[in-house]
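Colleague: Any chance you can model this:
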Amino acid sequence: KRTIASEVPIYSNRIHVSEAYSLKGIILVNLDNHKDGLEFAKKGCKLSFSSGFCWHILGLVYKAKNNHDEALKSFKSSLRNDPNNTTVMKDLCNSAIQVFDLMTNFEWRRRMLLIRPASLLNWVYFYASLLLLKSKLAEEIDDVLRSLFDDRCDIFFAEYSAASLRSFNPQQALSINTIR
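Modeller: Numbers count the residues shown, from 1 in each chain. As a prediction, this is how the structure comes out:
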């Protein structure tokens with residue numbers, strides 16, 4: 001309630017009104033007022049079509065309502081305006097998995113990997129997307145990842161030690177770059 005009361009100074013500045021409406025929308029959704037939250041998030045997007053932030057918030061509102069199809073559309077709109085935002089890409093991939101859109105998940109996991117190839121987590125998620133697609137490339141990445149960890153751990157169920165994370169060599173894993 002204090003958050004909603006403190007919105008008056010935000011509107012009086014009129015600098016980024018669309019973002020303020022979107023933020024009010026996500027706050028209302030988190031306060032279990034989904035209908036009004038959705039209206040404010042949509043109003044924020046209408047005021048600024050080119051704001052990746054507003055579209056991301058709208059996607060989060062739809063995701064909170066378990067409407068993952070609409071969330072996917074909003075996240076894609078957000079990425080049109082801010083193409084290298086990995087936070088939006090993660091949310092998009094999570095919604096794609098919820099609606100079993102495996103190709104969309106694979107495509108965006110691949111883009112995240114190209115943006116941040118040194119992130120081990122990106123490699124694990126990319127590997128998982130390949131496993132879901134039953135690709136032969138998954139077997140090759142599995143071999144590379146296991147060689148990096150000296151076959152000491154199962155990739156998905158073991159906790160990574162700090163030493164194994166430091167020994168991760170993205171250049172070796174990047175040598176695999178084709179899908180069969």
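
Colleague: which residue packs closest to the residue nearest the centre of the chain, ignoring adjacent ones?
Modeller: The residue lying closest to the centre of the chain (C-alpha atoms, centre = their mean) is Lys90, at 1.5 Å. The spatial neighbour of Lys90 that comes closest, neighbours along the chain excluded (C-beta to C-beta, 6 or more residues apart in numbering), is Met112 at 7.4 Å. In short, each C-beta sits where N, CA and C put it, glycine included.

Colleague: repeat for Leu28
Modeller: Per C-beta to C-beta, 6+ apart, closest to Leu28 is Gly37, 3.5 Å.

Colleague: Just the pLDDT for the residue nearest to the centre of the chain.
Modeller: Lys90 is assigned a predicted lDDT (pLDDT) of 92.

Colleague: That one: what secondary structure?
Modeller: helix (DSSP: H, G, I helix; E, B strand; the rest coil).

Colleague: if we can go back for a sec, helix or strand for the residue nearest to Leu28, which one?
Modeller: If you go by DSSP states H and E, Gly37 is part of helix 34-47.

Colleague: again, but for Cys54
Modeller: Applying DSSP H and E as the criterion places Cys54 in helix 52-64.

Colleague: next SSE after that helix?
Modeller: Next in sequence after helix 52-64, counting helices and strands by DSSP H and E, comes helix 68-81.

Colleague: and Ile57, what is it in contact with?
Modeller: Residues in contact with Ile57, defined by C-beta atoms under 8 Å, 6 or more residues apart in numbering, are Ser22, Leu23, Gly25, Ile26, Ala41, Gly44.

Colleague: I'd like to know how far it sits from Lys134.
Modeller: Per C-beta to C-beta, to the nearest Å, Ile57 is found 35 Å from Lys134.

Colleague: same question, Ser50
Modeller: On the measure of C-beta to C-beta, Ser50 and Lys134 end up 39 Å apart.

Colleague: So if I had to pick from the two, which one is more boxed in?
Modeller: With neighbours defined as other C-beta atoms under 10 Å, Ser50 and Lys134 compare such that Ser50 has more, 11 against 8.

Colleague: ok, now which ones touch the more buried one?
Modeller: By C-beta under 8 Å, 6+ apart, the contact list for Ser50 reads Asn81.

Colleague: mind checking pLDDT for it?
Modeller: Listed pLDDT for Ser50 reads 86.

Colleague: Give me the buried positions along stretch 76-93.
Modeller: Neighbour-count burial for stretch 76-93, counted by 16 or more other C-beta atoms under 10 Å, picks out Ser77, Ser78, Leu79, Asn81, Asn85, Val88, Met89, Lys90, Asp91, Leu92, Cys93.

Colleague: where are the low-confidence patches of the protein?
Modeller: The model of the chain has pLDDT under 70 over residues 1-16, 145-146, 148-180.
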